[in-house]
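In: structure of the sequence below:
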Amino acid sequence: MSLSDLLKIGAGNASLIYLHDRLSDPDYRGAHGSQHNRFDVDFTHDILSEFNSAAGPTGRMQIRTTDLSKRATNIPGEEKYAAFCSAVKAKTGRGTQDSIRKNLFVDWNRMGLIDRLNASGIIVGPNERAGKISFVQLTELGSKFVSATDPIRRRFIYSAAISKLLGDTVDDVLTVMEELSGKPITVYEYMFFASAIDDQAAFGRSRTQVVELLKSFRLLSRTETQAVIRIVREFANPDNFSGDKTEKRDFHNWKNEAQQTFELLGQTVFFEYRDKEKLLLANDAHAPTTSVRLKRSMEQKAEYFRKHRASKTVGFELHHVVSLGSAQSLEHFKELDSWKNLLYVDAFSHAKISQRGNRHVKMEIQKNERVIRLEALGNASDCVELKDHTNLKFDFNLSKTIQDYNFKLNNV
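Out: Reported below is the predicted structural model:
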């Protein structure tokens, strides 16, 4: 069975033409997602609470810098870390001095729950070359997470941390599912189509384009859908390809990556992950202690167009400047889901923001020049510039209202 057999199913179906072209590209998977270490909100809270207690008044802990296999004993200053790791092992049955610093701390750093510092006490960013990490401390978000006693509040904060890890994925999937009337999205639909949102590879597509691909895919019968999955599975067998890993296709690794993403999304307040096969929008079906109902307001989208006297334009996307995924409470979510936190930008600019980690959350509005600069907090030089009628639909008479609201959101 060859990849061209896809095109014989539902002749002319846009989703199958796209999938055929995507799999023809050696870079079919695009950017790789998180290599998640299989922990959840409760495990993370337990370990970081233990860390907070062990770190003491300074909040900072010196950690081991060398594998146990290379240096079997701890040097002076690492005693607290050794005791902390022993306590974690006794409490959870998991974790060694090596695995905690090389795996858990790395992911929690990327989630914004901890900072890692070098020997000089300088914070090393998640995407910087680490060298030797000598110290660890809780971030402001991590401190909020550890001190949260209310289960819903704790889960919201953890969701914000997951959103940091996944970039714009939370907002992307929320938007796509709501455009599809809130219906579940399967692992295969995410693999084949939704994973392409704003990817830099040739197969990358905008949110709007992915919605259209999914609508086309859902026109197929159940039997046809199963045939598509079977063809892709048989084609994407590494044994069918020569060369190194970059030249091969690997269906099972691809699916595993999608399932890992769904597991992470399922730990947020926004989604439920069921049967290792599909993702649903969250509702009030959770246990009473974590029950929360989240519903995006369609009125806020309509209000943006009304306030800015803008009309829907092909190639443009509504973008939440401060992402919905960063909400730390139900009240905060409602504040983020406001027309005052939206911009109507071209798909290219939206992709640029997404590809750079969705960190451009500070607005600097230059009314006279009719330009908006979206800056990373604390780094004005890291910015995306939006120009009116070029890659932005915006009424600059609303500049002060929007600027003030953005300042408020960034100073919660």
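
In: center of the chain - which residue?
Out: Taking Cα atoms, centre = their mean, the centroid of the chain lies closest to L166, which sits 1.9 Å from it.

In: which one is that one nearest to, not counting chain neighbours?
Out: L264 (6.2 Å; Cβ to Cβ, 6 or more residues apart in numbering). (Glycine included, C-beta is placed from N, CA and C.)

In: and the one you found, what element?
Out: helix 251-266 (DSSP states H and E).

In: what of I372?
Out: Here I372 sits within strand 371-376, counting by DSSP H and E.

In: still on that earlier bit, buried sites along the helix holding L264?
Out: Within helix 251-266, the residues scored as buried using 16 or more other Cβ atoms under 10 Å are F251, W254, K255, E257, A258, Q259, T261, F262, E263, L264, L265, G266.

In: between those, which is nearest P26?
Out: Nearest to P26 among these is W254, at 12.9 Å by Cβ to Cβ.

In: what angle do the strand or helix carrying S399 and strand 371-376 make?
Out: Assigned by DSSP H and E, S399 falls within helix 399-409. If you take axes from the mean of the first three to the mean of the last three Cα atoms, to 10 degrees, helix 399-409 sits at 0 degrees to strand 371-376.

In: can I see the domain layout of this structure?
Out: Structural domains assigned to the chain are 3-30+162-290, 41-153, 298-409, following automatic domain parsing.

In: which of these has the lowest mean pLDDT?
Out: With a mean of 89, domain 3-30+162-290 has the lowest mean pLDDT of the domains of the chain.

In: how far off centre is that domain?
Out: Remark: domain 3-30+162-290 is offset 15 Å from the chain centroid, using Cα atoms, centre = their mean, to the nearest Å.

In: all helices of the stretch 301-412 of the chain, in order?
Out: Residue ranges of the helices in the stretch 301-412 of the chain, as given by DSSP state H, counting those that start in this stretch, are 330-336, 347-355, 399-409.

In: residues in contact with the longest one?
Out: In this structure, residues lying in contact with helix 399-409 by Cβ atoms under 8 Å, 6 or more residues apart in numbering are V321, V322, E335, L336, S338, K340, N341, V361, K362, M363, I365, K367.

In: just the buried positions in that helix, please.
Out: S399, I402, Q403, Y405, N406, L409.

In: just put those residues in TSV and tack on distance to S242.
Out: Putting those into TSV (distance: Cβ to Cβ, whole Å) gives the following:
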residue	distance to S242
S399	58
I402	55
Q403	57
Y405	56
N406	53
L409	52
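
In: ok, these vs Y273, which is closest?
Out: The nearest one, if we look at the buried residues of helix 399-409 relative to Y273 and count by Cβ to Cβ, is L409, at 28.5 Å.

In: returning to what we had before: looking at the helices of the stretch 301-412 of the chain, which is nearest to K276?
Out: Closest among the helices of the stretch 301-412 of the chain, using Cβ to Cβ: helix 347-355, at 26.4 Å.

In: pull out the buried residues from the closest one.
Out: A347, S349, H350, A351, K352, I353, S354.

In: related to what we said a few turns ago, with distance to E212 as extra columns, can I get the helices of the stretch 301-412 of the chain in JSON lines?
Out: Formatted as JSON lines, the helices of the stretch 301-412 of the chain follow (distance: least, Cβ to Cβ, whole Å):
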{"stretch": "helix 330-336", "distance to E212": "27"}
{"stretch": "helix 347-355", "distance to E212": "13"}
{"stretch": "helix 399-409", "distance to E212": "30"}
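
In: of all those, which one is nearest T73?
Out: When the helices of the stretch 301-412 of the chain are compared (using Cβ to Cβ), the closest one is helix 347-355, at 44.2 Å.

In: need the residues that contact that closest one.
Out: 167-168, 172, 197-200, 204, 206-208, 315-317, 319, 345, 360, 374, 384, 386, 391-392.

In: hey, where'd the strands end up in the chain?
Out: Using DSSP state E, the strands of the chain run over residues 60-62, 114-117, 123-124, 135-138, 185-186, 271-274, 278-281, 316-320, 342-346, 360-366, 371-376, 379-387, 392-393.

In: and the first one, what does it pack against?
Out: Counting contacts by 3 or more Cβ pairs under 8 Å, 6 or more residues apart in numbering; DSSP states H and E, the secondary-structure elements packed against strand 60-62 are helix 41-55, helix 79-92, strand 135-138.

In: with the third one instead?
Out: Secondary-structure packing of strand 123-124 (3+ Cβ pairs under 8 Å, 6+ apart): strand 114-117.

In: may I have the strand it packs on as CSV, with CA atoms only?
Out: Taking Å, rounded to 0.1, in the frame of the first residue of the first chain, the C-alpha atoms of strand 114-117 are listed here in CSV:
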residue,chain,number,x,y,z
ILE,A,114,11.3,27.1,39.0
ASP,A,115,14.4,29.1,38.0
ARG,A,116,17.8,27.4,37.4
LEU,A,117,20.9,29.4,38.1
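
In: determine how far that strand lies from the middle of the whole chain.
Out: Chain-centre distance of strand 114-117: 20 Å, with Cα atoms, centre = their mean.

In: what residues sit buried inside it?
Out: Buried, per 16+ other Cβ under 10 Å, within strand 114-117: I114, D115, R116, L117.

In: distance check, the residue lying closest to the third one once chain neighbours are set aside against I75.
Out: In space, not counting the residues next to it along the chain, R116 is nearest to I133; the distance is 4.5 Å by Cβ to Cβ, 6+ apart. Between I133 and I75 the computed distance is 15 Å (Cβ to Cβ, to the nearest Å).

In: who has more neighbours, those two?
Out: Shown here are I133 and I75; by other Cβ atoms under 10 Å, I133 has more neighbours (20 against 11).

In: which among the helices of the stretch 301-412 of the chain is found nearest to E179?
Out: Nearest of the helices of the stretch 301-412 of the chain to E179, taken as Cβ to Cβ: helix 347-355 at 14.5 Å.
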